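Student: One predicted model, sequence on top.
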Amino acid sequence: MKKLWSVLLAVLLTMSLLTGCGASDTETKGTEEAENSSGSGETTFGITPMEEATTINLGYFSGTLHAVPFYIMEQEGFLDELNMEFEYQSFVNGPAMMEASSSWDICSTGGPGGISGVLGYDVSIIGVCDNDSMLNLYVREDSPIYKAGKGHVEDYPDIYGTPEDWKGTTWILPVGTTMHKVLGSTLEKLGLTLDDVNVINMDVTSALSAFKAGEADGLGVWISVALSAEEAGFKKVGGAKINKDMIPSVLVATDEALETKYEAICKLYELYYRTVEWCYDHPKEFAQHFYDTCEIEGIACSEDVAKKITESFESYDLEYMLDYMTTECDDDAGLAKRKISTAERDILNLFDFFKGLDMYTEEDRDFIIDNNKITNVVVETIKSEATETENEA
Amino acid sequence: MKKRKKKTDPLGRGRNCSKYTYQMLSIAGILSFLLVWQLLLEFGILSDRYISKPTELVALFIQKMTDSSPDGSTLPIATLASLQVALTGLLLAIVTGVPLGLLMGWYKGLDKFFKPIFEIIRPIPPISWIPLTIVWLGIGLKAKAFIIFFAAFIPCVINSYTGIKLTQQVLINVAKTCGASNFTIFWKVGIPSAMPMTFAGIRVAFGNAWSTLVAAEMLAANAGLGYMILMGRSFARPDIIMLGMVCIGALGALFTFILGIVEKRIVGWRNVK
């Protein structure tokens, strides 16, 4: 009898093991994520789907990390679960994206692009995507800045050169962008200003070609171009990470979409940050998706470069964003007549850099604050819905 | 006493209008355009968020004479920077393109030698030279002038070539009868005969040079009218963009006018209309 029981148990155990192994990867993944998410489990992240199929016109910023979660949510089927689909409109720079704001509902873009958008077009910043940390300054190996070594600047030990080495140098980078801000910030740490150097406006890919051809003393480039600069043997002497700068990239929605597709925008917002969490949980897949987007969009990138770039992604989860967009604080510049959110503060700090260069005015600043152009309306809706669900539960 | 005949259009259009009336009509045309533009914005038919009023542009023009925001240079500095680039490229194009066109049009051997190369280069858009220009010439004045040069070079060659080809055979025959050498005929008959077409080519070249300015300043710049437009775009300032455009347009018109005067002086004998 004992023998019979043991055989029966062995058969049962084997069957259960086989059943376990037979479950598909996607099921396992889905279950894991359903457990991870706070939702009901109907969809991967527990977000209630739209009742009617909805098409979102997506402004897709090619070759950037902050746009990849949109691509991933579509490829991994998260978007489909919510009964939504994307109509892609691709762009390679923020200003062009803002000019074409009538052709998209939501997009992610760099901070300066978002700022020009809220000032010039009917759009609002609804969230912060990531802290753009892959913004670097390069020089040639024989540059006095590199030769002087690092450690000359207190609190910023990784900045190379002395103020004398930097003074009078010529830099090529895209003016009016986050790269411009990073150079300004580095010079500030060295006790200098942008007036102490000569800045020439060039887009990043042309800038790298020109630098390779022997033009200028320094180069300011981002993301994959930055890695190409490193591969070409140029030396990093400063950068956003080295400066400990907060350079926010932003989520922007058109005012029309916030009116006509509000529910979809809220769900998409939640899904964006849940997908970001997924990216952190699945670094290999994240790198592969980033590489795929570069292939599709014709951006120069290798699998190794994609891996390095995705590792530098500094984004936020939904809970952090809900707090970040709603926690009140004082305006660092002391100009706002009301308390502002921490997200507003960081974006306005970026704005103030450009204002300091006379590129924007104080009226522009007031316009952003007075018209709530950095709005937490979507976040508030998500928060209140979450509270309702909790109460119901 | 002889009655002075009034100058009239050979086709008989506007027979009773004086030169003064025509000038007034041109001014009225510009003013009407500005008035319609202003009214469309005043009555909200066009949004003033995306387009500035002419009066606002005038105010901005005055302000930009001394104010360097947001592009970092005042209007005179930007204008000078652009003029330097555009005129360098244009002059290079005239100096090389016009003689080449004339020689190609007169000497068959040169025509056969250069034409295939020219025909290959001709359809290439000037902007497509940008990546190679950076590598070859860097990002300074030379590089930007090179882009402009390609935009202006083609019409200089084509018009000079066509102009000299259209030299009347009877004039050539007369010169030959008088015992002139081929070079003398080229110099004294061919070139003067080609001048009206050559000047038309220079006018087109100037237009091309001026309109390629924004693209050339996209290459690399820290001042200029094209750069001003690019910065206006970056900071969502339609007024800055429009001021840059208006300045480019106005300077273009001014130079066309100057070119017209020069043309009249040089080829006045051809009764240029």
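Tutor: Received it, and whenever you're ready, just let me know what you need.

Student: So A:V68 sits against A:T293, correct?
Tutor: Yes - with contact defined as C-beta atoms under 8 Å, A:V68 reaches A:T293; the gap is 5.9 Å. Heads up, the C-betas are built off the backbone N, CA and C, glycines and all.

Student: of those two, who's got more company?
Tutor: Remark: of A:V68 and A:T293, A:V68 carries more neighbours, 30 against 24, as counted by other C-beta atoms under 10 Å in any protein chain shown.

Student: any idea how far A:W222 is from the spatially closest residue to that one that is not a sequence neighbour?
Tutor: By the measure of C-beta to C-beta, 6 or more residues apart in numbering or on different chains, the closest residue to A:V68 outside its immediate chain neighbours is A:F290, 5.1 Å from it. When C-beta to C-beta, to the nearest Å is applied, the distance between A:F290 and A:W222 equals 14 Å.

Student: higher neighbour count, those two?
Tutor: A:F290 (29 against 26).

Student: Ramachandran angles for that one?
Tutor: Dihedral angles phi and psi of A:F290 (degrees, to the nearest 10) take the values phi -60, psi -40.

Student: And for A:C107?
Tutor: The main-chain torsion angles of A:C107 are listed as degrees, to the nearest 10 and equal phi -160, psi 170.

Student: doesn't A:L58 make contact with it?
Tutor: Yes - taking C-beta under 8 Å as the contact criterion, A:C107 and A:L58 are neighbours in contact, 6.7 Å apart.

Student: which one of those two has more residues nearby?
Tutor: More neighbours sit around A:C107 than around the other of A:C107 and A:L58, counting by other C-beta under 10 Å; the figures are 29 against 23.

Student: Name all residues that make contact with the more buried one.
Tutor: Listed by C-beta atoms under 8 Å, 6 or more residues apart in numbering or on different chains, the contact partners of A:C107 are A:58-61, A:67, A:91, A:97, A:251-252.

Student: And A:I265, by the same measure?
Tutor: Residues near A:I265 by C-beta under 8 Å, 6+ apart: A:56, A:105-106, A:126, A:253, A:257-258, A:378.

Student: now swap in B:M104 and tell me
Tutor: When contacts are counted by C-beta under 8 Å, 6+ apart, B:M104 touches B:110-111, B:114-115, B:118, B:157, B:161.

Student: In the stretch 1-150 of chain B, which residue sits closest to chain A?
Tutor: B:S69 (3.3 Å; C-beta to the nearest C-beta).

Student: Can you tell me the SS state at that residue?
Tutor: coil (DSSP: H, G, I helix; E, B strand; the rest coil).

Student: same question, A:A253
Tutor: Secondary structure for A:A253, judged by three-state DSSP, is strand.

Student: My guess is it contacts A:I126. True?
Tutor: Yes - taking C-beta under 8 Å as the contact criterion, A:A253 and A:I126 are neighbours in contact, 5.0 Å apart.

Student: what touches both of the two?
Tutor: Applying C-beta under 8 Å, 6+ apart, one finds that A:A253 and A:I126 are jointly contacted by A:265, A:378.

Student: Output the set of residues of chain A in proximity to chain B.
Tutor: Neighbours of chain B within chain A, by C-beta under 8 Å from any C-beta of the partner chain: A:95, A:98-99, A:112, A:116-117, A:119-121, A:172, A:175-177, A:198-203, A:206, A:209-210, A:212-216, A:354, A:357-360.

Student: Of these, which belong to strands?
Tutor: Of those, the ones assigned to strands by DSSP state E are A:172, A:198-201.

Student: residues near the residue in chain A positioned nearest to chain B, how many?
Tutor: Proximity of chain A to chain B (C-beta to the nearest C-beta) peaks at A:G120, 2.5 Å away. Neighbouring residues of A:G120 were enumerated by other C-beta under 10 Å; the total is 21.

Student: Make JSON lines from the contacts of B:M104 and add secondary structure, pLDDT and neighbour count to it.
Tutor: Compiled in JSON lines, the contacts of B:M104 are given as follows (DSSP: H, G, I helix; E, B strand; the rest coil; pLDDT from 0 to 100; neighbours: other C-beta atoms under 10 Å in any protein chain shown):
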{"residue": "B:L110", "secondary structure": "helix", "pLDDT": "91", "neighbour count": "14"}
{"residue": "B:D111", "secondary structure": "helix", "pLDDT": "91", "neighbour count": "15"}
{"residue": "B:F114", "secondary structure": "helix", "pLDDT": "90", "neighbour count": "17"}
{"residue": "B:K115", "secondary structure": "helix", "pLDDT": "88", "neighbour count": "14"}
{"residue": "B:F118", "secondary structure": "helix", "pLDDT": "87", "neighbour count": "19"}
{"residue": "B:V157", "secondary structure": "helix", "pLDDT": "94", "neighbour count": "26"}
{"residue": "B:Y161", "secondary structure": "helix", "pLDDT": "94", "neighbour count": "27"}
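
Student: residues from chain B in reach of chain A?
Tutor: B:49, B:68-70, B:72, B:130-131, B:134-135, B:138-139, B:218-222, B:227, B:230-231, B:233-238.

Student: Which members of those are positioned in helices?
Tutor: For the residues of chain B next to chain A, the ones inside helices are B:130-131, B:134-135, B:218-219, B:227, B:230-231, B:233-234, B:238, with DSSP state H as the criterion.

Student: filter those residues to the buried ones?
Tutor: With neighbours counted by 16 or more other C-beta atoms under 10 Å in any protein chain shown, those contain buried members at B:130, B:134, B:218-219, B:227, B:230-231, B:233-234, B:238.

Student: Which of these sits closest to chain A?
Tutor: Nearest to chain A among these: B:S234, at 4.0 Å, using C-beta to the nearest C-beta.

Student: show me the contacts for the closest one.
Tutor: By C-beta under 8 Å, 6+ apart, the contact list for B:S234 reads A:95, A:112, A:116, A:175-177.
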